[in-house]
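**Student:** I would like to see how this sequence folds:
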Amino acid sequence: MALLGVAGDGPASLADLVAATGISRPTAHRLAVALEHHGMLARERDGRFVVGPLLRELGGDHRADALVEAAGPVLLTARDTTEESAQLYRRRGDARVCVAAAERPGHGLRDSVPVGAVLTMSAGSAAQVLLAWDPAEEVAGLLDDATFTDADLAAVRRRGWAQSAGQREAGVASVSAPVRDADGAVVAAVSVSGPMSRLGRAPGRAHADAVLRAAAALEVAVV
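**Tutor:** Now for the predicted structure:
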């Protein structure tokens with residue numbers, strides 16, 4: 001695709017993509033975000049598009065992008081503040097991938113999600129965040145097998161964060177918030193997760209503020 005070629009020549013702004021391909025700005029943005037979801041494109045701190053992690057992996061280039069680089073200390077802060085595990089997820093097609101994580105220390109109960117883990121888009125608070133602002137026609141097919149509904153996604157949009165209890169895994173609860181780029185598009189979800197025995201069935205009461213702060217800190221890396 002032409003967008004990949006342009007970004008492959010070096011960091012390219014949305015205006016650069018439009019000028020080089022002749023595609024309208026809304027279409028170029030939609031295609032670029034879709035390619036970003038699939039890991040084919042990523043963004044620098046200034047919002048310009050570059051070759052994404054999937055293509056870098058295929059090409060043998062394992063350098064982390066700006067968002068993943070920024071995630072380390074931000075997730076550690078979220079972990080230490082909540083005393084629960086913290087993760088950063090990106091959507092890749094009909095799945096989500098954990099691209100960074102900070103596990104709760106110690107040997108007690110915790111939710112451990114390793115970096116690189118591929119998880120469903122049909123359950124969990126991060127999946128809700130990654131879908132809530134997508135066009136309705138793109139979400140409809142995924143809701144058939146989901147543990148949440150369109151009404152749940154509407155609630156996520158209203159309050160700006162999502163929570164789940166026992167959706168992805170029995171006994172596990174989580175809270176997630178969207179990480180947005182300079183154009184306002186959701187490019188990732190930052191989460192805090194742990195056992196329901198500590199977080200309860202409404203984990204957002206305790207940890208929504210923590211994930212919102214983490215999301216705001218991460219957005220500095222993509223704007």
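**Student:** spit out the contact partners of the residue nearest the centre of the chain.
**Tutor:** By C-alpha atoms, centre = their mean, the mean C-alpha position of the chain lies nearest to A188, the distance being 2.0 Å. Applying C-beta atoms under 8 Å, 6 or more residues apart in numbering to A188 gives the contacts 67, 88-90, 99, 130, 178-179, 218. C-beta coordinates here come from the backbone N, C-alpha and C atoms, glycine included.
**Student:** how about the secondary structure of it?
**Tutor:** strand (DSSP: H, G, I helix; E, B strand; the rest coil).
**Student:** separation between it and F148?
**Tutor:** 19 Å (C-beta to C-beta, to the nearest Å).
**Student:** re earlier: give me the three-state assignment for the closest residue to the residue nearest to the centre of the chain other than its chain neighbours.
**Tutor:** The shortest distance from A188 to any non-neighbouring residue, by C-beta to C-beta, 6 or more residues apart in numbering, is to V179 (4.1 Å). Here V179 is recorded as strand under three-state DSSP.
**Student:** which ones are touching V179?
**Tutor:** By C-beta under 8 Å, 6+ apart, the contact list for V179 reads 67, 88, 186-190, 215, 218-219, 222.
**Student:** ok, 10 Å please
**Tutor:** Residues counted as contacts of V179 (C-beta atoms under 10 Å, 6 or more residues apart in numbering) are 67, 70-71, 74, 88-90, 129, 185-190, 211, 214-219, 221-222.
**Student:** of those, keep whichever come out buried.
**Tutor:** 67, 70-71, 74, 88-90, 129, 185-190, 211, 214-215, 217-219, 221-222 (16 or more other C-beta atoms under 10 Å).
**Student:** so how many other residues sit close to P114?
**Tutor:** Counted with other C-beta atoms under 10 Å, the neighbours of P114 add up to 9.
**Student:** cool, and the one 10 residues further on?
**Tutor:** Here the neighbour count serves as a burial measure; for G124 (other C-beta under 10 Å) it reads 30.
**Student:** surely it touches S164?
**Tutor:** Yes - if you go by C-beta atoms under 10 Å, G124 and S164 touch, sitting 5.2 Å apart.
**Student:** identify the contacts common to these two.
**Tutor:** Residues touching both G124 and S164 comprise 147-148, 172-174, 176, 191, 193, with contact defined as C-beta under 10 Å, 6+ apart.
**Student:** name the element A100 belongs to?
**Tutor:** Using DSSP states H and E, A100 maps to strand 95-102.
**Student:** averaged pLDDT, that strand. What do you get?
**Tutor:** Average pLDDT, strand 95-102: 90.
**Student:** quick one, grab the pLDDT at S174.
**Tutor:** Predicted confidence (pLDDT) for S174: 96.
**Student:** so it, which of the three states?
**Tutor:** Three-state assignment for S174 (three-state DSSP): strand.
**Student:** can you tell me how far it sits from V118?
**Tutor:** Separation of S174 from V118 (C-beta to C-beta) stands at 17 Å.
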